[in-house]
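1. Sharing a sequence plus its predicted fold:
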There are 2 protein chains.
Amino acid sequence: MSLGKAAIVGVGTIGRGWALLYAKAGYRVSLFDPSVAAMDAALGAIATSLDDMAAFGLVRGRDKIMARISIASTLRDAVADAEIIQESAPESLDAKREAIAEIGREAAPLSIIASSCSSLLPADIFQDAAGPDRCIVAHPFNPPHLVPLVELLAGPATSDETIERTRAIMLQLDQAPIILRKPVPGYVANRLQAAVINESMHLVANGVISPDDLDLCMTESLGRRWAFLGPFATMDLNADDGVAGYARRFREAYQELGRDLGVAEPWEETAIAAVTEACRARTPMLDLRSKREWRDRQLMWSLVRSRLGPRDDGTAAKEKA
Amino acid sequence: MSLGKAAIVGVGTIGRGWALLYAKAGYRVSLFDPSVAAMDAALGAIATSLDDMAAFGLVRGRDKIMARISIASTLRDAVADAEIIQESAPESLDAKREAIAEIGREAAPLSIIASSCSSLLPADIFQDAAGPDRCIVAHPFNPPHLVPLVELLAGPATSDETIERTRAIMLQLDQAPIILRKPVPGYVANRLQAAVINESMHLVANGVISPDDLDLCMTESLGRRWAFLGPFATMDLNADDGVAGYARRFREAYQELGRDLGVAEPWEETAIAAVTEACRARTPMLDLRSKREWRDRQLMWSLVRSRLGPRDDGTAAKEKA
């Protein structure tokens, strides 16, 4: 397999996850980061992640994959001849704008410049870019190599070809690209997350439920459905006449409920304190790191399930390709 | 195993799920429904569900379990000597209030009367009940034998003993009970669901995303995390200093996002039409039933995972017991 070259600019958690994904798919990967120590550390971290994934049967041939990844000594070397450059600089307007402008000056005209940006507006971060038609936001989840979603969001000048090529590349990586047709604050995934978190804080603040029970509520009902069935598909199966009938019957009730939700209310100090106390009682500060490793193992289990298990034709990225 | 007797009043999908759960846990189960045909059908459906679960290793000894379930010829016979009576009448105030009043007249004073009510206020449905101290809402998800959550909600007169006994029984059934400390419209799970569905409709109505991509967004990111990690636990792992640090840094951003959400807006006709079209393109009307069977197999897979796989100490119902 030889698919061309991908450059990763910035090698924090996100950049490292991208490097793994591109190399696993068969790309030659060139890393660049202002810190040489960070690049060395990245190589070790990627190798460890590959070992972890191999234990779940999610990758094979670790050494072959690692051999595709190299460290570049300059940004120019990193981006030379790259099919796609994945910008993963820190999430601030200045850092992003500068990084993208600099990449734009060094990159070949046909290279896609994909930003891992998670919240800023494309119009702002692409403002100083040379060739903004080839710039696009490709926002992954954390960690990218364990969570398939990538939100694609065009800037004002992004070409349709850039969108289509980026989408095709993401499918090659076994990721699940979705297309946002206009920019909205938080993009889509974080808006859904905010709806849930804000309402959860509101319910705790109002003494309706304990933080532990709120978390159980999610994992023991909605969460295990949403892991394989989106909100619309869920509605569709909950009525004999499908989502159209469901909408007719429950529209009014959902609207009433919607008006009662506290998602626009600030997080109360008392609620934050109660949530903190509950989380620390479950996981002492010193165990947070091993708990995170546990989370990643669970996510790998999800990947195994969604890639090997029976899938729905409407919700599996690979089958849509 | 012999745990006493449970009565199931009303044998629709919910009542049948309860019957399976109680019998599987070792209860003698007595079914009552105004329709004898419905009770006969229920026995067949429960046996089929047990076979499906056996294929996933989730139950053993189908015949032994079925032998614990019998049909009562009168409500009085059904509830006689029952430790708990699970009311699963249709979801309307009149139907619930009447069913609960009638059960109250026939039941022994120490029998718990648990209502499967999903949205009405306890004060309303328990209004005519004899012995309201033993009445409680125990709201399951659908289907109850495949989704562990049970929302417990006391009425104005419900005794602490009733809450504690019901919680203990739910844990015996391997379900995950949570306690709502005050009544709110939609209880908790459906509020979280409404937050997500309403915002999803809003995003489709505003042309931000297609219904297919919205569903993918959930299944390929948030959903697979929420399947094993609640919203608060997720935040806790997303910052090196845990949820307290996360709250400090992102509180303002979430609040801003919360004010931008469209959860209080009505579902636009255009959005409903787009969602319907997408769902029908994925699953023709005639395939809805087999798709529902696929969903149930996926839920069984989730049960296998959460019961046999590695668990978090804070989110597993069984380990909290």
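-> Here it is on my side, so go on.

2. Which secondary structure element is home to the closest residue to A:A82 other than its chain neighbours?
-> Spatial nearest neighbour of A:A82, chain neighbours left out: A:A7 (4.1 Å); criterion: Cβ to Cβ, 6 or more residues apart in numbering or on different chains. Any C-beta I mention is one placed from the backbone N, CA and C, and that applies to glycine too. Using DSSP states H and E, A:A7 falls within strand A:5-9.

3. For the residue nearest to A:A82, grab the count of nearby residues.
-> Counted with other Cβ atoms under 10 Å in any protein chain shown, the neighbours of A:A7 add up to 31.

4. What residues are bridge-paired with it?
-> Judged by DSSP bridges, the bridge partners of A:A7 are A:S30, A:I85.

5. who's in contact with it?
-> Contact analysis of A:A7 by Cβ atoms under 8 Å, 6 or more residues apart in numbering or on different chains lists A:V29, A:S30, A:L31, A:F32, A:A72, A:A78, A:V79, A:A82, A:I84, A:I85, A:Q86, A:S111.

6. While we're on the closest residue to A:R295 other than its chain neighbours, how confident is the model there?
-> Counting by Cβ to Cβ, 6+ apart, B:L237 is the residue found nearest to A:R295 once chain neighbours are left out, at 5.6 Å. You'll see B:L237 listed with a pLDDT of 95.

7. wait, B:L237 sits on A:L288?
-> Yes: the pair B:L237 / A:L288 is scored as a contact, 6.8 Å apart, by Cβ atoms under 8 Å.

8. Please identify which of the two sits among more neighbours.
-> Taking neighbours as other Cβ under 10 Å, B:L237 and A:L288 compare with B:L237 leading, 22 against 18.

9. if I pick A:G4, what's in contact with it?
-> Per Cβ under 8 Å, 6+ apart, neighbours of A:G4: A:Y27, A:R28, A:A82, A:E83.

10. among those, which are in strands?
-> A:R28 (DSSP state E).

11. of the contacts of A:G4, closest to B:F126?
-> Among the contacts of A:G4, A:Y27 lies closest to B:F126 (Cβ to Cβ), at 63.6 Å.

12. ok, the closest one to A:D240 distance?
-> Distance, A:Y27 to A:D240, using Cβ to Cβ, to the nearest Å: 48 Å.

13. Repeat that for A:E256.
-> A:E256 is 24 Å from A:D240, by Cβ to Cβ.

14. cool, and A:W294?
-> Distance from A:W294 to A:D240, by Cβ to Cβ: 40 Å.

15. The two - which one has more neighbours?
-> A:W294 (19 against 11).

16. three-state assignment of that one?
-> helix (DSSP: H, G, I helix; E, B strand; the rest coil).

17. Can you give me the pLDDT of it?
-> 94.

18. same question for whichever helix or strand A:L21 is part of, mean pLDDT?
-> In this structure, A:L21 sits in helix A:13-25 according to DSSP H and E. Helix A:13-25 shows a mean pLDDT of 97.

19. buried sites along that helix?
-> A:I14, A:G15, A:R16, A:G17, A:W18, A:A19, A:L20, A:L21, A:Y22, A:A23, A:K24, A:A25 (16 or more other Cβ atoms under 10 Å in any protein chain shown).

20. Find the residue closest to A:T276 in space, skipping its chain neighbours.
-> That would be B:A244: by Cβ to Cβ, 6+ apart, it lies 4.5 Å from A:T276.

21. how many other residues sit next to A:A195?
-> The number of residues near A:A195, taken as other Cβ under 10 Å, comes to 27.

22. so it touches B:L261, yeah?
-> Yes: using Cβ under 8 Å as the test, A:A195 is close enough to B:L261 to be in contact (5.6 Å).

23. and for the two, which residues touch both?
-> Joint contacts of A:A195 and B:L261 (Cβ under 8 Å, 6+ apart) are A:V263, B:A195, B:E199.

24. Which one of the residues you listed is nearest to A:T219?
-> Out of those, the member with the shortest distance to A:T219 (by Cβ to Cβ) is B:A195, at 16.7 Å.

25. quick one: that closest one and A:I197 touch, right?
-> No: B:A195 is not in contact with A:I197 according to Cβ under 8 Å; the separation is 9.5 Å.

26. Just the buried residues of stretch A:252-267, please?
-> Of all the residues in stretch A:252-267, those buried under the rule 16+ other Cβ under 10 Å are A:Y254, A:Q255, A:L257, A:G258, A:L261, A:G262, A:V263, A:A264, A:E265, A:P266, A:W267.
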